[in-house]
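Engineer: got a predicted structure plus its sequence, pasted below:
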2 protein chains.
Amino acid sequence: MATETRKTPQRAAVLDALHQARAPLSASEIHDAAARRVPGIGLATVYRALKSLVDGGEVVSVVLPGDTPRFEVADLAHHHHFHCRECGKVFEVEGCPPNLARLAPRGFALEGHELVLYGRCMGCVA
Amino acid sequence: MATETRKTPQRAAVLDALHQARAPLSASEIHDAAARRVPGIGLATVYRALKSLVDGGEVVSVVLPGDTPRFEVADLAHHHHFHCRECGKVFEVEGCPPNLARLAPRGFALEGHELVLYGRCMGCVA
DNA sequence: TATCTAGTGAGAATGCGTTATCATTAGGTC
DNA sequence: GACCTAATGATAACGCATTCTCACTAGATA
């Protein structure tokens, strides 16, 4: 029997924050968002909830270069991210460049890829 | 007058390690490589040399998701990286997917991109 | 409602890559 | 060779995201 997992407002707030977001959130962003539903929620609780959600496959972590891990719900279609250099926000991007396999060196087995676009988001361009 | 920079075997060893490498090296990998030319070289010296080389534009740092920064000489053509999930080594990859601009959301200004391929390198496939 | 125990909040502790400190060494120049 | 001072090596200190500790709170079940 696996360890019992109880329903708590804190866990619900964390998962809800991720479902509301249209972009992957960092632990502290999740903490901020969850605190709006559950004032006083501790950062440790956020980390604990994220750990169990990731372990349970409901949430995946997204790591962009030079940044702390971010989290998003697991049931999104394959996608990539756009990182605004001005405001630092990360956006989801649909689509995927084709034929990446041809870029891999001969004899290498390509199993996955990660693409990050950099620039300025609509708000910062204006 | 800018601060004088002296030629030392340690600095030469750091730069040489980067020129020899066909892949971006982490600080500790550079430390190991440089120690073969200059036994006893300190890790702090490696960091100092890297800092001045990056500041001087001779070396650039490459940050792959979830990893510590790596360094490579600055005069390489635009390229990406292949990260072997088995041995952890990073390889340079020529070429670049076309038409990345069409992936950016409408109204966003695309200024750059980073692509990392994951899989197993030739040695680990065998 | 009584009971059991997972979950929580606060803050201390940890891990680790990187940087600062400082006494000593050794380039550069005359 | 003498002198000035940047560079070095060893190691302590730092920053900071994440995890642990522990007393307390509150789901779940009967």
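Structural biologist: It's in.
Engineer: ok, A:Ile83 - how many residues close by?
Structural biologist: Just so we're on the same page, residue A:83 is His rather than Ile. 21 (other C-beta atoms under 10 Å in any protein chain shown). Using the backbone N, CA and C atoms, a C-beta is placed for each residue, glycine as well.
Engineer: can I assume it is in contact with A:Tyr118?
Structural biologist: Yes - the pair A:His83 / A:Tyr118 is scored as a contact, 5.4 Å apart, by C-beta atoms under 8 Å.
Engineer: distance check, the spatially most central residue of chain A against A:Pro9.
Structural biologist: Centroid check for chain A by C-alpha atoms, centre = their mean gives A:Phe71 as the closest residue, at 2.6 Å. Using C-beta to C-beta, to the nearest Å, A:Phe71 is found at 19 Å from A:Pro9.
Engineer: A:Glu92 now?
Structural biologist: For A:Glu92, the distance to A:Pro9 - C-beta to C-beta - is 27 Å.
Engineer: of those two, who's got more company?
Structural biologist: Ranked by neighbour count (other C-beta under 10 Å), A:Glu92 and A:Pro9 place A:Glu92 first, with 17 against 12.
Engineer: and the closest residue to A:Ala104 other than its chain neighbours, what element?
Structural biologist: Computed as C-beta to C-beta, 6 or more residues apart in numbering or on different chains, the closest residue to A:Ala104 that is not its neighbour in sequence is A:Leu110, at 4.4 Å. Element membership for A:Leu110 (DSSP states H and E) is strand A:109-120.
Engineer: contacting residues around that strand?
Structural biologist: Residues outside strand A:109-120 that contact it (C-beta atoms under 8 Å, 6 or more residues apart in numbering or on different chains) are A:64-65, A:80-86, A:93, A:96-97, A:100-101, A:104, B:65, B:85, B:97, B:100, B:103-104, B:108-120, B:125.
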